[in-house]
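[1] 3D, please:
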Amino acid sequence: MLLGGVILITSFAYLGILFAIAYYGDKRADAGRSIIANPYIYAFSMAVYATSWTFYGSVGRAAASGVGFLPIYLGPTLMAALWWLVLRKMIRISKVNRITSIADFIAARYGKSSLLGGLVTVIAVVGIVPYIALQLKAVSNSFVILLQYPEIVMPAKALAVGIWQDTALYVALLLAAFTLLFGTRHLDATERHEGMVAAIAFESLVKLLAFLAVGVFVTFGLYNGFADLFGRAAQLPKIDQLLTLGGAAGNYGSWASLIFLSMLSILFLPRQFQISVVENVNENHLSKAIWLFPAYLLAINIFVLPITFAGLMQFAPGQVDADTFVLTLPMLHHREALALLVFIGGLSAATGMVIVETIALSTMMCNDLAMPLLLRWKVLALSNRTDLSPLLLGIRRGAIVLLMMLGYVYYRAAGEAYALVSIGLVSFAAVAQFAPAMLGGMYWRQGTRNGALTGLLLGFALWGYTLLLPSFAKSGWLPISFIEQGPLGIALLKPLALFGLQGLDDISHALFWSMLANVGGYVAVSLLGPQSIRDQAQALLFVDVFKMASRSSSLWRGSASVQEIVTLVGRFLGPARAQEAFAGYAAQCGLKSVREIEPDADLVRFAENLLAGAIGASSARVILASAVKEEALGMDEVLNILDEASQLIAYSHQLEQKSRELEAATAELRAANERLTELDRMKDDFISTVTHELRTPLTSIRAFSEILHDHPDMAPDKRSQFILIIVKESERLTRMINQVLDLAKLESGSAEWHPTEIDLKDVIDDAVSTTSQLLRESGITLALELPDAVPPVQADRDRLMQVMLNLISNAVKFCDRRDGRIAIGLHVRNGALQVDVRDNGIGIAGADHEIIFEKFRQVGDTLTEKPQGTGLGLPISRQIVHHFGGKLWVESALGQGATFSFTLPLNDAGGRS
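    Predicted coordinates:
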């Protein structure tokens, strides 16, 4: 006899074994000897995917649709083949950015948005609650059935019994209590639970062995092997429909939808992300899991059809629920020990899912819902407690209890309307909404916060309308007319045939509309809307994670002491754990104690990582900023600072637009150079030089704008200094842009010219007068060697003025800083006027020939490179001089100064107008 006491004692003994494994695993981890640093344990822990849905529900689905249960396992098998490309990248991103949940992953990718993290958490909670209800239903029903042994009696419907007589309530409370003891004993900055992973791997073996034991008993105990069993099953009515597509097994569209859905679910279910990504200790373990996990799925499903057909043959139609065949077949043949083993296997499947899922969701609820609200309401800032870790643990424990109660409420409200597998598919469709934002964030740089927010909102809304609300209608909580006629009788809005789309099953229908809206909203808003600087920075960290050895240290201009940072981190991790962490950091830096640590950017980065593991990336950034000042800024001041930073960032966007215009102009310049075949090899170096020189001020503008945006509490004098730097760099960038645009016009022949007869001596005098202030400030002596009169030349006076100013400015740059001297000479030589601008600087090596300024490098016998610091003025000057038939060159030697010279012909034949 299987008395209730025997069942309970066995169950508690089994749970005790799990707790002992978890406790041992944590102790070994604390001692630095991890027991999960093993690819086999990692692979078996990933089998938390196989819940009571797999253990009981697969047989139930096979009884209704035959081989239609397979897509749920084919999808993960196909995705496993892509793990080295997808999951490995997800793991690397999470390790680099200290990501501890799906909500944290998406929020961190799109600018560390707390709003986005909160939305992901809400979707995950609402979507997973039905899945938790599934586990309660499976454990409760199996317990009630086993309790009636040797009779086989199906349990009454949930609403047919009172709450206090409902076994599911006590199962929910028991699982909640066990999870509290199991996964929230202390707060860990890494959010890893090595003991839990070891226990989950053990559970995976137990449920596999239990299912295989039933399969062997049925196949070789009740029948004489597979051939005998399937031969007898061939006599069942409509058996052919269960084994072929197009019949009860479903059509190709249904299979494609379920395979796609399960491919996404193996990545984006919170428990899978927790086990596969957060708990991963070595990404190389994936190479083993890629084949071992699919092998596990094959093993646990190999006896599904034999058990299903045996149940259909052993029980009269409608006598027992097909979901319970795994348990009721041993009971029918009085195999008490096997029945008890099956119950333990089902309990393993359910507890494994509940433990990992609620731990993952409670972390998200604490970090991405509770923490942002507490920070907004300044609850944490007003608290005088030096250790807030008990508060955070309390929030997580409360979240676990809340999740279990929500699962129980859903079980009472809608759980009876669906079979186990159908409840699971509702949750699968919910977590599939994370796919566009996550996969897009990993591989597409243009994805934006607003795009992800739009896609998630649209996808979640359609999932709720097409799947969640119909489940309530089928349970009587909403009028059935909502499904049959649509809201307000509008047929186009029927949730199971939205906009007239018919012929699809409920899951495929919901998946089509929700993913269409999700992907469409994400892509459209990302392409049409602006991408913030933080979006761009985070996109680089995620998309190019393998190209970056490590994330660069956060820019930090605060004045906090090391002790302030340690105390701040200690408030959330606990003082002892914080001291231990920073002592380890000091040891890594080769220091003897925490007191020797310098409060630099690396320390701030380390502290932010610790906080991110405990309270999430977005909250950690806000909390760490408070270490600069103990007193919070007034709201008006904060808003002014943020507004100022926003304006600077908006200005940087304008500069980016100018940069794009510059790139277009540069493209025109490249096209013009391509027409000169002898300079074809030289154009790319020129473009590269131009682009590099222009990006330098733009990079400075972005960097200082980012600092102002990220540090709203920066001291006013320091903020003013940064703003002044940004303005100066902006002016510098504008000048350089105008120079390149001018050069592009010169190269393309579109520049305007106004040639006339001019006196070159007058041009030189005007240039000297214009630069006189620069010469005096630089302490440079100027000598002029000008004749009384020179013949006129045909040229554009403004353009030649530009040439002289460029040459004088360059000479000032190259002059000896202690005793600077510049000489300007004008001579008539060989039918042309020659201007020489000579300085007494350090000179240029090998500069004996004409400089080809497009390339700034040798052409033929020319060995001269572009002089350092000459910028874009020389190529512009060269174009002007060449336009009027002259030439421009430099003569120099190291230590003997440099002479830049140009000639202009005296006759009109050389000029062009």
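[2] From here on, just use CA atoms for contacts and neighbour counts.
    OK.
[3] Mind checking what secondary structure the residue lying farthest from the centre of the chain has?
    For the chain, the residue at maximal distance from the C-alpha centroid (Cα atoms, centre = their mean) is Asp788, at 72.3 Å. Assigned by DSSP: H, G, I helix; E, B strand; the rest coil, the conformation of Asp788 is coil.
[4] For Gly897, see how far away it is.
    Plainly put, Asp788 is 27 Å away from Gly897 if you go by Cα to Cα, to the nearest Å.
[5] Also Gly529?
    Taking Cα to Cα, one finds Gly529 at 54 Å from Gly897.
[6] what does Val356 give?
    Counting by Cα to Cα, the gap from Val356 to Gly897 is 74 Å.
[7] quick one: which of these two has more around it?
    The neighbour count for Val356 versus Gly897, taken as other Cα atoms under 10 Å, is higher for Val356 (25 against 21).
[8] Show me what counts as buried in the strand or helix carrying the more buried one.
    Using DSSP states H and E, Val356 sits in helix 336-365. For helix 336-365, a neighbour-count test (16 or more other Cα atoms under 10 Å) marks 336, 338-365 as buried.
[9] Give me the below-cutoff pLDDT ranges for the stretch 151-300 of the chain.
    Within the stretch 151-300 of the chain, the stretches with pLDDT under 70 are 156-162, 182-192, 246-250.
[10] Now do the SS call for Val122.
    Applying three-state DSSP: Val122 is helix.
[11] Give the buried residues for stretch 816-835.
    Residues of stretch 816-835 classed as buried: 816, 820-826, 828, 832-835 (neighbour count, 16+ other Cα under 10 Å).
[12] Give me the distance from it to the chain's centre.
    In terms of Cα atoms, centre = their mean, to the nearest Å, the gap separating the centre of stretch 816-835 from the centre of its chain is 60 Å.
[13] again with stretch 13-25
    On Cα atoms, centre = their mean, the centre of stretch 13-25 falls 35 Å from the chain's centre.
[14] Quick one: mean pLDDT over the strand or helix carrying Ala576.
    Ala576 belongs to helix 575-588 when assigned by DSSP H and E. Across helix 575-588, the average pLDDT comes to 75.
[15] Could I have the CA atoms of that helix written out in CSV?
    The C-alpha coordinates for helix 575-588 follow below in CSV (Å, rounded to 0.1, in the frame of the first residue of the first chain):
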residue,chain,number,x,y,z
PRO,A,575,29.9,44.7,4.6
ALA,A,576,31.8,41.4,5.0
ARG,A,577,31.2,40.3,1.4
ALA,A,578,32.2,43.7,0.1
GLN,A,579,35.4,43.8,2.1
GLU,A,580,36.3,40.3,0.8
ALA,A,581,35.6,41.4,-2.8
PHE,A,582,37.7,44.5,-2.6
ALA,A,583,40.5,42.7,-0.8
GLY,A,584,40.6,40.3,-3.7
TYR,A,585,40.7,43.3,-6.1
ALA,A,586,43.7,44.7,-4.2
ALA,A,587,45.5,41.4,-4.4
GLN,A,588,45.0,41.3,-8.2
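[16] what helices or strands is it leaning on?
    Packing contacts for helix 575-588, counted by 3 or more Cα pairs under 8 Å, 6 or more residues apart in numbering; DSSP states H and E, involve helix 562-573.
[17] what would the buried residues of stretch 816-835 look like in CSV with pLDDT?
    What follows is the buried residues of stretch 816-835, written out as CSV (pLDDT from 0 to 100):
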residue, pLDDT
Asp816, 79
Gly820, 87
Arg821, 89
Ile822, 90
Ala823, 92
Ile824, 92
Gly825, 93
Leu826, 90
Val828, 89
Ala832, 89
Leu833, 89
Gln834, 92
Val835, 92
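[18] Per-residue pLDDT of Ser45, please?
    At Ser45, pLDDT is 93.
[19] Verify the stated contact: it with Ile275.
    Yes - here Ser45 reaches Ile275: they are 6.9 Å apart, a contact under Cα atoms under 8 Å.
[20] which residue sits closest to Leu784 in space, ignoring its chain neighbours?
    Counting by Cα to Cα, 6 or more residues apart in numbering, Ile824 is the residue found nearest to Leu784 once chain neighbours are left out, at 5.0 Å.
[21] What's the first helix or strand after the helix or strand that contains the one you found?
    Following DSSP H and E, the helix or strand that holds Ile824 is strand 821-829. Moving toward the C-terminus from strand 821-829, the next helix or strand (DSSP H and E) is strand 832-839.
[22] residues in contact with that next one?
    807-808, 811-812, 814-815, 820-828, 897-906 (Cα atoms under 8 Å, 6 or more residues apart in numbering).
[23] same thing with stretch 500-512?
    Here stretch 500-512 makes contact (Cα under 8 Å, 6+ apart) with 253-254, 257-258, 425-426, 429, 462-463, 466-467, 491-492, 496-497.
[24] Report the buried residues of it.
    Leu504, Asp505, Asp506, Ile507, Ser508, His509, Ala510, Leu511, Phe512.
[25] Closest one to Gly885 out of these, please.
    Nearest to Gly885 among these, counting by Cα to Cα, is Phe512 at 69.3 Å.
[26] May I ask which helix or strand encompasses that closest one?
    Assigned by DSSP H and E, Phe512 belongs to helix 506-528.
[27] Now for Asp717, how many residues are close by?
    Asp717 has 9 nearby residues by other Cα under 10 Å.
[28] ah, wrong one, I meant Val545
    20.
[29] Can you give me the distance of the nearest residue to it once chain neighbours are set aside to Gly111?
    By the measure of Cα to Cα, 6+ apart, the closest residue to Val545 outside its immediate chain neighbours is Ile93, 6.3 Å from it. Ile93 is 15 Å from Gly111, where distance means Cα to Cα.
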